[in-house]
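In: 3D, please:
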Amino acid sequence: MASSSSSLSSAPARGGNPLEELTGRVKALEAGFRAWMAKQPIHVEAAVTTAVGVVQGGALGGLMGSLTADGGSPFPMPPPPPNANPQAVASFKQAQALAGGPLVQARNFAVMTGANAGISCVMRRIRGAEDIQGSMAAAFGSGALFSLVSGMGTPNPVASAITSGVAFAVFQGGFFMIGQKFSKPRGVSEDTYYSSTRNMLQELGLEKYEKNFKKGLLTDHTLPLLTDSALRDVKIPPGPRLLILDQIKRDPGLAKAQ
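Out: Take a look at the predicted model:
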């Protein structure tokens with residue numbers, strides 16, 4: 001009897017917290033997925049990233065459309081007058097595109113978020129880092145496609161798509177700059193994270209590759225972890241890669257974590 005009661009009291013301790021276990025499994029899956037994606041060619045990563053963005057955007061758009069559907073609104077949107085001028089009709093079409101039902105909004109948001117995710121992925125792989133140029137390019141593409149698919153461009157879809165793309169790009173660029181400003185610790189310059197890297201490159205006569213390190217976010221903290229593939233990903237040629245790796249191996253100050 002005593003043994004059974006002791007086993008019952010120890011059961012919760014062996015089981016642990018189910019929520020923590022689930023969270024740990026989810027994080028492990030996310031880490032594994034990111035590691036797998038990093039090894040894939042650019043077209044595979046872009047396709048998978050776009051598909052994930054489409055699913056997320058479609059779900060969000062469907063939810064928003066179900067909350068703002070005309071059927072559930074006590075004030076349905078009236079049709080435009082028969083003799084309305086083209087500008088009034090265009091304005092009505094734009095409002096109708098933004099107030100569509102669940103399926104319409106799911107389609108619109110799926111296109112917008114999928115395009116943004118896919119273009120961002122390609123730009124990040126091409127430029128070696130997530131920067132404002134790539135962010136604005138992705139926003140322009142998503143804004144232009146959103147305008148075309150949603151029907152906001154009546155009567156001139158091309159001009160409207162360009163205008164929407166530019167507006168999206170400007171807003172995204174502003175948000176990116178604000179985010180970058182607040183993400184850096186106060187009083188700490190970006191160059192602080194690359195002081196050892198800069199000194200090493202100057203000793204080797206490879207100063208021109210400092211920008212490659214910054215694009216790839218290869219800071220002083222990552223020097224002990226550098227590999228040939230990591231340097232190749234930031235487009236450093238074979239010769240300089242060998243010199244850098246040899247210097248890190250021979251210099252005790254670079255070979256240990258900063």
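In: low-confidence ranges, the protein, go.
Out: 1-16, 68-100, 128-129, 152-155, 183-191, 255-258 (pLDDT under 70).
In: repeat that with 50
Out: 1-13, 70-77, 80, 84, 87-89, 92, 187-188, 258 (pLDDT under 50).
In: for it, just list every one of the strands.
Out: Assigned strands in the chain: none (criterion: DSSP state E).
In: can you map out the helices along it?
Out: For the chain, helices defined by DSSP state H occupy the ranges 2-15, 18-38, 42-68, 86-98, 102-127, 132-150, 157-183, 195-204, 210-215, 228-233, 238-250, 252-255.
In: which of those sits closest to His221?
Out: Closest to His221 of the helices of the chain is helix 195-204 (Cβ to Cβ; 9.4 Å). Bear in mind the C-beta positions are built from the backbone N, C-alpha and C, glycine included.
In: just the buried residues of the closest one, please?
Out: Of all the residues in helix 195-204, those buried under the rule 16 or more other Cβ atoms under 10 Å are 196-197, 200-201.
In: coming back round to it: can you redo the helices of the chain as TSV with distance to Thr222?
Out: Formatted as TSV, the helices of the chain follow (distance: least, Cβ to Cβ, whole Å):
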stretch	distance to Thr222
helix 2-15	39
helix 18-38	15
helix 42-68	21
helix 86-98	45
helix 102-127	17
helix 132-150	21
helix 157-183	18
helix 195-204	9
helix 210-215	9
helix 228-233	8
helix 238-250	11
helix 252-255	11
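In: pull the number of nearby residues for Trp36.
Out: By the criterion of other Cβ atoms under 10 Å, Trp36 has 12 neighbours.
In: then the one 4 residues further on?
Out: Around Gln40 sit 12 other residues, with neighbours defined as other Cβ under 10 Å.
In: what's the answer for the one 4 residues further on, then?
Out: A count of nearby residues for Val44, using other Cβ under 10 Å, gives 12.
In: Leu145 now?
Out: Leu145 is flanked by 21 other residues according to other Cβ under 10 Å.
In: contact partners for it?
Out: 111-112, 115, 161 (Cβ atoms under 8 Å, 6 or more residues apart in numbering).
In: dump the buried residues of helix 195-204 to JSON lines, plus distance to Asp131.
Out: JSON lines is the format used below for the buried residues of helix 195-204 (distance: Cβ to Cβ, whole Å):
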{"residue": "Ser196", "distance to Asp131": "23"}
{"residue": "Thr197", "distance to Asp131": "18"}
{"residue": "Met200", "distance to Asp131": "24"}
{"residue": "Leu201", "distance to Asp131": "21"}
